[in-house]
Structures are given as C-alpha cells and as structure tokens.
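J.: generate coordinates for the sequence data below:
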Amino acid sequence: MAPHRLPVLSLGLVLVFAAMRLSAGEFDVRAFGATGDGTTIDTAAINKAIDAAAAAGGGIVRFPAGTYASYSIHLKSHVALYLDIGSTLVAADPPADLSAGYDAPEPNPVTDQYEDFGHSHMHNSLIWGENLVDISITGPGRIYGLGLSRGRPYLRRDTLPSERASGANPDLSLPAAEIAAIKQIKPGPYDFPGKDTLPAGVGNKAIALKNCRNVIFRDFTIFHGGHFGILAEGVDNWTCDNLKIDTNRDGIDFDCCQNVRVSNCTVNSPNDDGICPKSSYSLGYSRMTENVTITNCQVSGFDEGTLLDNSRKRLESRSMGAHGPTGRIKCGTESNGGFRNITISNCVFEYCRGLAFESVDGALMEDIAVSNITMRDIINAPIYIRLGARLRGPAGTTIGTARRIKIENVVAHNVAAEAGILIEGVPGTTINDVSLSNIFIDFEGGGTAEDAKRVVAEDVDGYPEPARLGKLSSWGLFARHVKNFSMDHVELRVAKEDLRPVVSLEDVSGVDIDHAVFSHAPGVKTVVLKNVTGLTIRDSGGLPDTKKAGTTSDGTL
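T.: This next block holds a predicted model:
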C-alpha cells in the first residue's frame, strides 16, 4: 500500500490560508505598506490602516513584531491598536529643517492664557485622538518616544541613559532653523520663551486624548515618553491596566476626566510625577475630575530606563535642595475644576516624593479615600495636603475648598528629615475633615534646635511643593489652617535624634488624637500648639490625656 502523501499546496493557497488566520476586522499595518525596519517612516501606512478599519465600521489595527518609526498617528472611533509582542512603535526624530514631522499644535487661544504649552496642545503627539468613542491601545509591545521633546525647546530630546553612559551624542542642540521657529512663537503668560513652547514638527507626548469616551489602555510599555507618556483631557469611562512606563517626565496624567480606573500599573518617572490626576482649564472651561480609582500600582523615581531592566539605579540627587526624584501620585497642581470621589489603594512608593493632594487654582477637593500604602526612601513629605491661592485661571477665580479626606493604613520607611506630614490651608480658609489612622512612619531625623525656631512661610500663592517651605520646624507633622482633624493609631519615629518637636499645630480647631506614639528627644517638647481650639488627646504614650474646649494661644505638650 502506497504511503499517504500530503498534497502540495500552491503558494497562492498558502497565502489565502494565512490571510484566513487573521480574524475578521483585523488590519495589519504591513499590508498597508509599513516596513517595520526601524528606519523607514511608516506614518502614512499606519494611518491608512487606521482609516481602513474606521471605514469598515471598526476593527483592530495590528502591529506585528518589528520596529515602526513614525510621526503623528491619528486614532479613530471604534478602532483598536494592538501591539504584538516584539513590536516597537518609535517616535522618530523630525528632520532638521522641520519639513516633516509631527502634527502642528492646534490653536488654543483661550486655554493658552492659563496653561503652559505642554498641557494645552494635543496634536503634536506620537498618537493622538480627539472627540472619539470606543477606542483602545493594547498588547504587550512597546512605545519608544525616542524623538519626543520633554518640553525644553532648545533640546530636541533628552540625552538617553545609554548615551550618557557611553558619552555618545554629546550635542543634541537644535539646528538653527528650529531655533528660529521657536523664537517666532508668541507664548502664553504661563509659557515663557525657553520653557516648553515647541514649533510645528516637534512632538512632545507619546499618547494624547481629548474629549473621548470609552477607552481601554492595557498591557503595553512606554519608554522615554516625552513631556507626557499619556495625557488625557476630558476623557470618560477610561481603563488603564497593566501598563509599564519608564519615562523622562510625567507618566500618566488624566485631566478633567471622569470614571477612570487605573490598576496594576508601574510608573517610573524621576523627573516629574508618576500618576497625576489634574483638573486644569485646558478644555476652555472648568470640569471636575471625579470617580477615579487608582489601585495596585507602583510609582518610583529611579534613573530613567532602570525600572525596565530592573537595575533600579539611583543616580539622581536625593537632597531637598535639588528636589530629588519625583515619581509620585499627585492630584494637582492644575486644579480649576476640582477632584471628587477619588480612591487610592494598595499602592507602593519607592525612592520618590510622597502622596500629594493640591487645590491651588480655585478647585473643590472632596471625598478622597486612601488606604494600604507602603513607601520607602521618600525625599519629602510622605503625605501633603495643600489648599493655596495661586489662582491660575480666569478673572474672578477664588480660593477653593478641601474637605473629607481620609488616609489609613500607611507604612513609610526612611523619609527625609526636611518635611513630615504637611497639611496646610490658607489664612481664613481651612482644610476640613481630615482623618489619619493606622499609620507608621519613620524619618531620618537629625533636625537641630535652630531648625525648631524657624518661622515657616505661608507661601499661599506659590507653586505647591514642600521644598518651597524649607526644613519645617517640626519633624513628624506640620498642620496649619485646618478644621476637624483626627489622628488615630499613628506612630512617628526617627532614626537619628531630632531636636525639633514632633508635631506643630497652628490655627487648627477640632483636634482629636487617639492612641498616638510620638518618639521625641529628651528635653524637647512633643507637640507645639498655637491658636488651637478644641483639643482632645487620649491613650497616647508620653502625652497627658487632654480635653480642652477653648483656644490655646501658645502652648506645648
């Protein structure tokens, strides 16, 4: 009996069967002319694939393994980008004469008055979309913002870690044509020349969305993302899950966004914030950022690129004077619309700044719950709540309101000596209803008696950052202009003797301290009181049980 033989397939049939393996509704960028060779600019082919998917009523635009150099990619409604494993989408360097490159920044005359250039323009990005519904970017591939600017106009891009190590490419200065183009730009009042204004052709964001709805970002990596790895303004029903971002400025910023879920993300951003809800005036009106959950995330400030290879190098200065790495979770600084219904849980901070909530541009900030946070090697205040009067916004903008903020189950190790927990309102306008419970923090310590005598400036109209206030006069907690403040099972320690008081309370009413442990140096008062009304202390080691309904003008415990 003759052996069974498999039929020989023609090349045409092989190609047909290969095509059949693609699911209906998938559009391979290579089929539209993309090379994936890392040198050819594949922008036109990628946008053709997206257009075809949109014309078909929706579909998946797939990037198979390869390196795709591109300028601005235009998202469309009902279209998903899928980055296969082994695929890298690279932001290409624009040509020296800017004859090509990224889309020009869209005109934005209203918001340019109140926002700097980077926040108020979206089209000059590697990937952008506006007024879209039902979009996604998923898959295990990578976005590499090689040619993106981090916002400094006289450098096309930062020197990369590999270039710093090797000494290669020492001069990334812009060509004369680009410098001339920058000088012709008329900046807004918050975007002075030399800050981050960029000419047409230069990109500064990896992904930018505006006024979109029903968005999913999942599983991909961003390396070296420019001014923003992801900037979203007015985006609702948005899920960010399992992203890895190792970048040279902000990681994920969601501005005036509602119904946002950020989970299982790892963001390393030594030079700016990691995960950052904002509520700016970038839409041309004030809009609340609300109904936001941030959970199971890690943020850090290691040297850029060393998160992804897990070497986690610490090449940046950790001193307060140099500001050290950033890398934190922060609500603000832009805060016109406000923050409401924000929950942050099960997150890890390492070698970065602490958790921050800031309303300085007239915003309402309320109903915030934080739980199950661990921190290590924090370079300034582990918890920072600030109500200020910067008031960047239209005429008539007034001081905002901050209330109902609950923070519990926090463990922080090796916090810098300069700033403890810092909660500060404005003279005549208090932060209300703050609860701290089940918190353990150990600080470096080492403060002096001279430090304890410092009068800490109010700085109500300045940029909200703990470092601006200098070394605080108490090492564990500094609270000023606060109403209804409680501490329950809070323990504060120092590794090195500190000659400052542990706690300073000034213009605070309705204080309740229960089961607190404040280690202090011999002969140094634990708590300093100034204009404190309604003080209750119970079961707190080293402090007398106290119940005072009246006002203590000046006192110590």
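J.: poorly predicted segments of the stretch 201-350 of the chain, please.
T.: 316-323 (pLDDT under 70).
J.: the chain too?
T.: Using pLDDT under 70, the flagged stretches of the chain are 1-24, 152-179, 181-195, 316-323, 553.
J.: flag every buried residue along the lengthiest helix in it.
T.: Taking DSSP state H as the criterion, the chain has its longest helix at helix 43-55. For helix 43-55, a neighbour-count test (16 or more other Cβ atoms under 10 Å) marks Thr43, Ala45, Ile46, Asn47, Lys48, Ala49, Ile50, Asp51, Ala52, Ala53, Ala54 as buried. (Glycine included, C-beta is placed from N, CA and C.)
J.: for it, packing partners?
T.: strand 26-28, strand 59-63, strand 66-70, strand 73-74, strand 79-83 (3 or more Cβ pairs under 8 Å, 6 or more residues apart in numbering; DSSP states H and E).
J.: picking up where we left off before, now the buried residues of helix 43-55 in JSON lines, with distance to Thr533?
T.: Listed next are those as JSON lines, based on distance: Cβ to Cβ, whole Å:
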{"residue": "Thr43", "distance to Thr533": "64"}
{"residue": "Ala45", "distance to Thr533": "68"}
{"residue": "Ile46", "distance to Thr533": "63"}
{"residue": "Asn47", "distance to Thr533": "63"}
{"residue": "Lys48", "distance to Thr533": "68"}
{"residue": "Ala49", "distance to Thr533": "66"}
{"residue": "Ile50", "distance to Thr533": "61"}
{"residue": "Asp51", "distance to Thr533": "65"}
{"residue": "Ala52", "distance to Thr533": "68"}
{"residue": "Ala53", "distance to Thr533": "63"}
{"residue": "Ala54", "distance to Thr533": "62"}
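J.: what's the closest of these to Val299?
T.: Closest approach to Val299 among the buried residues of helix 43-55 (Cβ to Cβ): Ile46, at 31.0 Å.
J.: that closest one contacts Gly33, correct?
T.: No. Contact criterion Cβ atoms under 8 Å: Ile46 and Gly33 do not qualify, at 9.1 Å.
J.: how about the helices and strands packed on helix 43-55, which one is nearest His224?
T.: Closest among those, using Cβ to Cβ: strand 66-70, at 14.2 Å.
J.: returning to what we had before: what sits up against the longest helix of the chain?
T.: Helix 43-55 has contacts (Cβ atoms under 8 Å, 6 or more residues apart in numbering) with 25, 27-35, 59-61, 68, 70-79, 81.
J.: buried among the residues you listed? Make that a PyMOL selection.
T.: Those of the contacts of helix 43-55 that count as buried under 16+ other Cβ under 10 Å are selected in PyMOL with:
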select buried, resi 27+28+29+30+32+34+35+59+60+61+68+70+71+72+73+74+75+76+77+78+79+81
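J.: between the helices and strands packed on helix 43-55, which one is nearest to Cys352?
T.: strand 79-83 (27.4 Å).
J.: could you give the angle of that closest one to strand 59-63?
T.: 20 degrees (axes from the mean of the first three to the mean of the last three Cα atoms, to 10 degrees).
J.: need the contact partners of strand 79-83.
T.: 50, 53-54, 58-63, 75, 89, 127, 135-143, 216, 220.
J.: phi, psi for Lys244 please.
T.: phi -120, psi 120 (degrees, to the nearest 10).
J.: from memory it sits against Ile252, does it?
T.: No. Using Cβ under 8 Å, Lys244 is not in contact with Ile252; the gap is 11.4 Å.
J.: so if I had to pick from the two, which one is more boxed in?
T.: Using other Cβ atoms under 10 Å, the more surrounded residue of Lys244 and Ile252 is Ile252, with 31 against 19.
J.: residue ranges for the helices of the stretch 101-250 of the chain, please.
T.: Here the stretch 101-250 of the chain has its helices, by DSSP state H, counting those that start in this stretch, at 117-120, 161-166, 176-183.
J.: after the biggest strand by length in the chain, next one along is what?
T.: When the chain is parsed with DSSP state E, its longest strand is strand 477-496. Remark: after strand 477-496, the chain's next helix or strand is strand 503-514, criterion DSSP states H and E.
J.: and that next one, what does it pack against?
T.: Partner elements for strand 503-514 (3+ Cβ pairs under 8 Å, 6+ apart): strand 477-496, strand 527-538.
J.: what angle separates that strand from strand 477-496?
T.: Using the same axes, to 10 degrees: strand 503-514 against strand 477-496 is 100 degrees.
J.: strand 503-514 pairs with which strands, parallel or anti?
T.: strand 477-496 (parallel), strand 527-538 (parallel) (DSSP bridges).
J.: can you redo the ones you listed as TSV with mean neighbour count?
T.: Listed next are these as TSV, based on neighbours: other Cβ atoms under 10 Å:
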stretch	mean neighbour count
strand 477-496	20
strand 527-538	19
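J.: in JSON lines, list the ones you listed along with distance to Thr111.
T.: Below are those laid out as JSON lines (distance: least, Cβ to Cβ, whole Å):
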{"stretch": "strand 477-496", "distance to Thr111": "31"}
{"stretch": "strand 527-538", "distance to Thr111": "40"}
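J.: quick one: which of these is nearest Thr293?
T.: Each of the strands paired with strand 503-514 has some distance to Thr293 by Cβ to Cβ; the shortest is strand 477-496, at 24.1 Å.
J.: pretty sure Val411 sits against Asn372.
T.: No. Look at Val411 against Asn372 with Cβ under 8 Å: they stay out of range, at 9.2 Å.
J.: tell me where the stretch 301-450 of the chain has helices.
T.: 449-452.
J.: let me see the ranges of the strands in it.
T.: 330-331, 339-352, 355-359, 364-378, 383-387, 401-415, 421-424, 431-445 (DSSP state E, counting those that start in this stretch).
J.: redo those strands as a markdown table? Include distance to Cys276.
T.: Output for those, formatted as a markdown table (distance: least, Cβ to Cβ, whole Å):
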| stretch | distance to Cys276 |
| --- | --- |
| strand 330-331 | 5 |
| strand 339-352 | 11 |
| strand 355-359 | 9 |
| strand 364-378 | 14 |
| strand 383-387 | 14 |
| strand 401-415 | 17 |
| strand 421-424 | 18 |
| strand 431-445 | 20 |
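J.: the ones you listed into JSON lines, with extra columns for mean neighbour count and distance to Leu505?
T.: Shown next, in JSON lines, are the strands of the stretch 301-450 of the chain (neighbours: other Cβ atoms under 10 Å; distance: least, Cβ to Cβ, whole Å):
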{"stretch": "strand 330-331", "mean neighbour count": "26", "distance to Leu505": "24"}
{"stretch": "strand 339-352", "mean neighbour count": "21", "distance to Leu505": "25"}
{"stretch": "strand 355-359", "mean neighbour count": "26", "distance to Leu505": "19"}
{"stretch": "strand 364-378", "mean neighbour count": "20", "distance to Leu505": "21"}
{"stretch": "strand 383-387", "mean neighbour count": "26", "distance to Leu505": "14"}
{"stretch": "strand 401-415", "mean neighbour count": "20", "distance to Leu505": "17"}
{"stretch": "strand 421-424", "mean neighbour count": "25", "distance to Leu505": "10"}
{"stretch": "strand 431-445", "mean neighbour count": "20", "distance to Leu505": "12"}
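J.: for Arg390, give its distance to Ser473.
T.: 24 Å (Cβ to Cβ, to the nearest Å).
J.: more neighbours, those two?
T.: Shown here are Arg390 and Ser473; by other Cβ under 10 Å, Arg390 has more neighbours (23 against 20).
J.: from Cys256, how far off is the more buried one?
T.: Applying Cβ to Cβ to Arg390 and Cys256 gives a distance of 18 Å.
J.: and Asn248, by the same measure?
T.: 24 Å.
J.: before we move on, what about Pro466?
T.: Distance from Pro466 to Cys256, by Cβ to Cβ: 26 Å.
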